[in-house]
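Asks: Give me the fold of what follows.
(chains A and B)
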Amino acid sequence: MGTLYQKAFKQTDDQPIDHLKDLPHQFPRRGDLAVDLLRAEVSGLEQYVGKSKLRRVDHYSRMALLAAGRALEDSKFPSASRERTSVIVATGYGALKSTFSFLDSYIEKGDKLALPTHFSNSVHNAAAAHISICYEISGPTLTVSQFDLSFISALITAGTWLETEKTDAVLVGAVDEWCELTGYCMQRFSKHSDTSPPSFGEGAIFFLVTREKTTPPQHGFFKEITMGREIAKKDHTPGDIIFSPSTAALSPDTEPCTLETIPGALKRKRGGSPTDMGMDAFFAFKSKADNGLEVCCLKQGEGGIFGKVVLTISRKM
Amino acid sequence: MDLKYKLKEMIIEEMQIEDLTPEEIGDDAPLFGDGLGLDSLDAVELVVQLQIYFGVEIKNIEQGRPALQSINTLADFVRAHQIEAGKV
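Replies: A predicted model of the protein is given here:
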């Protein structure tokens, strides 16, 4: 496993950041709304990828590369096995900054002068491709985007690939990026922002998932990976629950799911992003909980659909 | 400011070359391959940036190949087209 969230989490828990003061002045404000913001730090990436290869790589792909590099390092996965390893990146928004920069250049200067580098970084599979190239992983690469349900969808696909022996291991991860325009839109259009200030996060998390059932895993198992309408409310949800509310703040139809409907759930208060379910799973695996404990991570999606991952902590002793 | 110096600054800024200063780029050093290490995507970016910075358009590969060899050839191309357009 590899993540960038941890540092950001600590930083914001200590010192909440009011990012509004950094927004351009033309963005209208709504009262004195405070916004918690978690930014990811990507220094240290050169430990895994040479500087020359990173020249044109944007922040979004750098986050993905660093988390993937840490996951590969943590797993001690042999380089020889990378021919039969795949990459699946889950993202709710994709490379927002590059996408908006490309669109800005297109709108301001016309199609002939739209910037090629921004375009290449805005291609949705760019991060997965960078991971594949930089870490010499030659199995299939895929980017899954299903907004709040992107990570669960990626895990389901990873499970299918492993079950059908399409691949021997999948580097499956979640990546989402903050940009000023998203923050503005969430604040401007969220009907809940007056009572529940938006909390934003960015970052990347990767897991190296294999089908091995005999060797003890590094951190544990994904025991159940499901998606559906009723799964969140069943009484027999096992173990501890970590609940991530929908980040569909832009959708006025989405009512936030209340904790009363999910007994015993822990709700993470800060650092929301469409793919924060991956972060929840990471923290569960890295918690001090005893071996054998099951943790359920729930992610609320649109239309009453939930993603659910039940994981079992099982560390090498 | 000297045209060649401006071109070097533009390349460093827009091609995101962090390790070099304009003074360290030779006027005759190849821009691609073993020289500055630019590649095909940089070539496309360079064509766009030349138009944005200097209003000069490289219209086809016959113009582009000789112009994109080095800072000297690039400066000659920009200067010639600026004179032609009456900008200098």
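Asks: Counting by contacts, list what the strand or helix carrying A:G173 packs against.
Replies: Using DSSP states H and E, A:G173 sits within strand A:169-176. Using 3 or more CB pairs under 8 Å, 6 or more residues apart in numbering or on different chains; DSSP states H and E, the elements in contact with strand A:169-176 are helix A:59-75, strand A:85-90, helix A:150-163, strand A:203-210, helix A:276-286. Using the backbone N, CA and C atoms, a C-beta is placed for each residue, glycine as well.
Asks: Give the next helix or strand downstream of that strand.
Replies: According to DSSP H and E, the helix or strand after strand A:169-176 is helix A:180-189.
Asks: Taking strand A:169-176 as reference, get the angle to that following helix.
Replies: With axes from the mean of the first three to the mean of the last three CA atoms, to 10 degrees as the basis, helix A:180-189 and strand A:169-176 are set at 60 degrees to each other.
Asks: ok, back up a step: now tabulate the helices and strands packed on strand A:169-176 in TSV and tack on distance to A:M227 and mean neighbour count.
Replies: What follows is these, written out as TSV (distance: least, CB to CB, whole Å; neighbours: other CB atoms under 10 Å in any protein chain shown):
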stretch	distance to A:M227	mean neighbour count
helix A:59-75	23	24
strand A:85-90	13	27
helix A:150-163	5	22
strand A:203-210	17	27
helix A:276-286	11	25
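Asks: which one of those lies closest to chain B?
Replies: Nearest to chain B, of all the helices and strands packed on strand A:169-176, is helix A:59-75, at 12.3 Å by CB to the nearest CB.
Asks: Just the CA trace of that closest one, in CSV.
Replies: C-alpha atoms of helix A:59-75 as CSV (Å, rounded to 0.1, in the frame of the first residue of the first chain):
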residue,chain,number,x,y,z
HIS,A,59,0.5,17.1,-10.2
TYR,A,60,-2.3,14.6,-10.6
SER,A,61,-0.1,12.0,-12.2
ARG,A,62,2.8,12.8,-9.8
MET,A,63,0.4,11.9,-6.9
ALA,A,64,-0.5,8.6,-8.6
LEU,A,65,3.2,7.8,-9.4
LEU,A,66,4.3,8.4,-5.8
ALA,A,67,1.6,6.4,-4.2
ALA,A,68,2.1,3.6,-6.7
GLY,A,69,5.8,3.6,-6.1
ARG,A,70,5.3,3.4,-2.4
ALA,A,71,2.9,0.5,-2.8
LEU,A,72,5.3,-1.4,-5.0
GLU,A,73,8.1,-0.8,-2.5
ASP,A,74,5.9,-1.8,0.5
SER,A,75,4.8,-5.0,-1.2
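Asks: Is it in proximity to chain B?
Replies: No. Helix A:59-75 lies apart from chain B when judged by CB under 8 Å from any CB of the partner chain; the minimum separation is 12.3 Å.
Asks: Name the surrounding residues that touch that helix.
Replies: With CB atoms under 8 Å, 6 or more residues apart in numbering or on different chains as the test, helix A:59-75 has contacts from A:1-4, A:40, A:42, A:44-45, A:47-49, A:54, A:57, A:87, A:89, A:94-98, A:121, A:126-128, A:130-131, A:134-135, A:171, A:173, A:175, A:177, A:202-208, A:218.
Asks: let's see it at 6 Å
Replies: The contact list for helix A:59-75 (CB atoms under 6 Å, 6 or more residues apart in numbering or on different chains) reads A:1-4, A:40, A:42, A:45, A:48-49, A:95, A:126-127, A:130-131, A:171, A:175, A:177, A:204-206, A:208, A:218.
Asks: looking at the helices and strands packed on strand A:169-176, which one has the lowest mean pLDDT?
Replies: With a mean of 82, helix A:276-286 has the lowest mean pLDDT of these.
Asks: Which strands and helices lie in contact with the following helix or strand past it?
Replies: Once helix A:276-286 ends, the next helix or strand along the chain (criterion: DSSP H and E) is strand A:294-300. Under the contact criterion of 3 or more CB pairs under 6 Å, 6 or more residues apart in numbering or on different chains; DSSP states H and E, strand A:294-300 touches strand A:240-244, helix A:276-286, strand A:306-313.
Asks: tell me which parts of the stretch 51-200 of chain A are close to chain B?
Replies: The stretch 51-200 of chain A comes close to chain B at residues A:R55, A:L113, A:P116, A:T117, as judged by CB under 6 Å from any CB of the partner chain.
Asks: what does the model give A:Y48 for pLDDT?
Replies: The predicted local confidence for A:Y48 is 94.
Asks: what about it, how many neighbours?
Replies: Neighbour count of A:Y48, defined by other CB atoms under 10 Å in any protein chain shown: 17.
Asks: Might you report the residue contacts of it?
Replies: By CB under 6 Å, 6+ apart, the neighbours of A:Y48 are A:G69.
Asks: Distance of it relative to A:I131?
Replies: To A:I131, A:Y48 is 10 Å away according to CB to CB, to the nearest Å.
Asks: Run a quick neighbour tally on the residue in the stretch 1-150 of chain A that chain B sits nearest to.
Replies: Closest to chain B within the stretch 1-150 of chain A is A:P116: 4.4 Å, counting by CB to the nearest CB. When neighbours are counted by other CB under 10 Å, A:P116 registers 20.
Asks: What of the one 4 residues further on?
Replies: A:S120: 18 surrounding residues under other CB under 10 Å.
Asks: The spatially closest residue to A:K76 that is not a sequence neighbour in helix, strand or coil?
Replies: Nearest non-adjacent residue to A:K76, counting by CB to CB, 6 or more residues apart in numbering or on different chains: A:Q218, 8.0 Å away. Under DSSP: H, G, I helix; E, B strand; the rest coil, A:Q218 falls in the coil class.
Asks: Next up, the contacts around the residue minimising distance to the centre of chain B.
Replies: Centroid-nearest residue in chain B, with CA atoms, centre = their mean: B:L74, separated by 4.8 Å. By CB under 6 Å, 6+ apart, the contact list for B:L74 reads B:L7, B:A67.
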